[in-house]
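Peer 1: I would like the atomic coordinates for the input below:
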Amino acid sequence: MNRHPAVPVAVITGADSGIGRATAVRLAAQGMDIGITWHLDHEGAQATAAEVRALGRRAALAPMDLTRLPDAADAVDRLAGELGRLDVLVNNAGTGTATPFLDLTHDTVRQVVDVDLIGPLLCAQHAARRMIAQGGGGRIVNVTSVHEHQPRVGAAPYCAAKGGLGLLTQVMALELAEHGINVNAVAPGEIATPMTGQEDTDVHTERRPGVPLGRPGDAREVAAVIAFLAGPDASYVTGASWSVDGGMLRMGPQAGSHLKDDAWRRP
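Peer 2: Residues are numbered from 1 along each chain as shown. The predicted structure is shown next:
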C-alpha cells in the first residue's frame, strides 16, 4: 500500500546522468517521489537515487533497454506500482549516431528510431493509461532536441526520430487533453552532459561563437524548463515545443553565411 498517497510521482527515463539526473533532482526538490530508469549505468542511477533521497523523497529504480520493445516500456508501470501512482512522465532516454546517410545500416536506423521515438511512444501509452485510471490528469514531457526542428549532417535517424517525437507530442496533446493530461516537448541544444562528452564541465568557461549566448547549456537549465512544464504553473500549456538552446535555432542563415570552411559537411 502506498503510504504517501498525496505525494506526486514522476518517472524519468534515462535518469542515471545528464538531463535525466538533473530533472530527477529538480522534481524531487519540488516535492515529488521519483522513478528512475537506466540502461547501462546502474551506478549512475543509484547516485541519482541517493540525491533524490537526500532531499527527503522516495526513489525507485528499474532497468530499461528501449531496443527491446515493447517489453521495455513495462518499466513505467513497475515504477508507478512501486511508488503508488504516476503524475509525470519525462521521456528523456535517447541515443544518436554520427553516420553519413549513405553508410547507414538498417540495424543502426532501427536502434535509434526505437530508442528515440517508438520507445517514448510506448512509455507514454503506459503512463497515460495509468493517469487516466487514477484520475486527476497528469503531465508528459518528451525530451526531443533542436534537431526536432533543424537537420544535422550525419544524424539522419536521430533527426527523423526527434522530428517524429515532436509531432507525436502534438498529437498526444490533442488526444489526451480531455483526460487532463498536458503533453509538451523540450528541445535542448548543446548541453554539457556525458552524451556530448562534457560531464561536469563549467559551461561558463566554454566558448561557442555560433550560439548567441556564447556557451553550451547546463543540464540543470533544461531541467528547470521540464520542471515548469511538469508543474502547476504550466496548467494551460500543451502541445508546445520549448527550445533550450541559447538562441542557436534563431541563427538560421545568419550562421550559415558566416561559416568559413566545409567542415560542416562531415559528421
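Peer 1: for the residue most central in space within the chain, what are phi and psi?
Peer 2: Geometric centre of the chain, nearest residue: N92, 2.4 Å, by C-alpha atoms, centre = their mean. With angles defined as degrees, to the nearest 10, N92 sits at phi -110, psi -30.
Peer 1: so what's it up against?
Peer 2: With contact taken as C-beta atoms under 8 Å, 6 or more residues apart in numbering, N92 is in contact with I12, T13, G14, A15, I19, G20, T23, V143. Yep, even glycine has a C-beta here, placed from its N, CA and C like the rest.
Peer 1: let's see it at 6 Å
Peer 2: Counting by C-beta atoms under 6 Å, 6 or more residues apart in numbering, N92 makes contact with I12, T13, G14, I19, G20, V143.
Peer 1: pick out the most distant pair among these.
Peer 2: T13 and I19 (10.7 Å; C-beta to C-beta).
Peer 1: local confidence estimate at L27?
Peer 2: For L27, the model assigns a pLDDT of 98.
Peer 1: quick one: the strands in the stretch 1-150 of the chain?
Peer 2: Under the criterion DSSP state E, counting those that start in this stretch, strands of the stretch 1-150 of the chain are mapped to 9-12, 33-38, 59-63, 88-91, 138-143.
Peer 1: okay, the second one in CSV with CA atoms only?
Peer 2: Extracted as CSV, the C-alpha positions of strand 33-38 are listed here (Å, rounded to 0.1, in the frame of the first residue of the first chain):
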residue,chain,number,x,y,z
ASP,A,33,8.9,11.0,-5.5
ILE,A,34,11.0,9.8,-8.4
GLY,A,35,11.1,6.7,-10.6
ILE,A,36,14.4,6.3,-12.3
THR,A,37,15.2,4.1,-15.3
TRP,A,38,18.7,3.3,-16.5
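Peer 1: closest one to R208 out of the contacts of N92, please.
Peer 2: I19 (18.0 Å).
Peer 1: give the contact list for the closest one.
Peer 2: N92, A219, V222.
Peer 1: nice, that's everything, thank you.
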